[in-house]
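Visitor: based on what follows, work out the 3D shape:
(chains A and B)
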Amino acid sequence: NAGVTQTPKFQVLKTGQSMTLQCAQDMNHNSMYWYRQDPGMGLRLIYYSASEGTTDKGEVPNGYNVSRLNKREFSLRLESAAPSQTSVYFCASSDRGQVDTQYFGPGTRLTVL
Amino acid sequence: EDQVTQSPEALRLQEGESSSLNCSYTVSGLRGLFWYRQDPGKGPEFLFTLYSAGEEKEKERLKATLTKKESFLHITAPKPEDSATYLCAVNTGANSKLTFGKGITLSVRP
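Guide: As a prediction, this is how the structure comes out:
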């Protein structure tokens, strides 16, 4: 039981390049989330998917898109990366929405030059 | 606007020196308060969920308590392996979003 997995672990992009961060969970959870974590700031929600087939914006959605591919997988896409998107990205999942405990993946450290 | 404030920002303890970490919140209708531990370079690891004032939960050297305005994470006789950043988060249900504090970095010296 791997929990929440994320790929890649590290990535360096040039400004304007695109990439997709992958996330998968094997806990049969209904809800999935993408956060970013920056020094001196708390975790901030980018997008979330309350259930398969639905996605909603979080606190900082600009510059990102998401896809809930199926119940297990939730991807985050940067269409045209900017230096301001340099951050550590975490995926999380929960069984019954945001009142339920969220379980986090190991993170992707992204640097945009 | 929902706010979560954790204090102090950093705490250095000697091994065996008990202390408490504070998480104060200003929210409209608390539906759950969560404590996580985060080690450097890793994702947050779930510790506790508290739902109502007066509730307490324990795990090894950690004990979390909740009042109507704040939560405490008490660490009894800490060990160096307790060194980590401790995150507090609240869910109000008003907009179904989890609001995180900035975290408290705990360092325990042997």
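Visitor: so where's chain A shaky on pLDDT?
Guide: For chain A, the stretches with pLDDT under 70 are A:97-99.
Visitor: what about the strands in it?
Guide: A:4-7, A:10-13, A:19-25, A:31-37, A:44-49, A:56-57, A:64-68, A:74-78, A:87-94, A:103-104, A:108-112 (DSSP state E).
Visitor: for stretch A:45-62, buried residues please.
Guide: Residues of stretch A:45-62 classed as buried by neighbour count (16 or more other Cβ atoms under 10 Å in any protein chain shown): A:Leu45, A:Ile46, A:Tyr47, A:Tyr48, A:Ser49, A:Ala50, A:Thr55, A:Gly58, A:Val60, A:Pro61. Yep, even glycine has a C-beta here, placed from its N, CA and C like the rest.
Visitor: kindly check the end-to-end length of stretch A:37-57 for me.
Guide: 17 Å (Cα to Cα, to the nearest Å).
Visitor: circling back: closest one to chain B among the strands of chain A?
Guide: With distances scored as Cβ to the nearest Cβ, the stretch of the strands of chain A nearest to chain B is strand A:103-104 (3.8 Å).
Visitor: that closest one near chain B at all?
Guide: Yes: under the criterion of Cβ under 8 Å from any Cβ of the partner chain, strand A:103-104 makes contact with chain B via A:Tyr103, A:Phe104.
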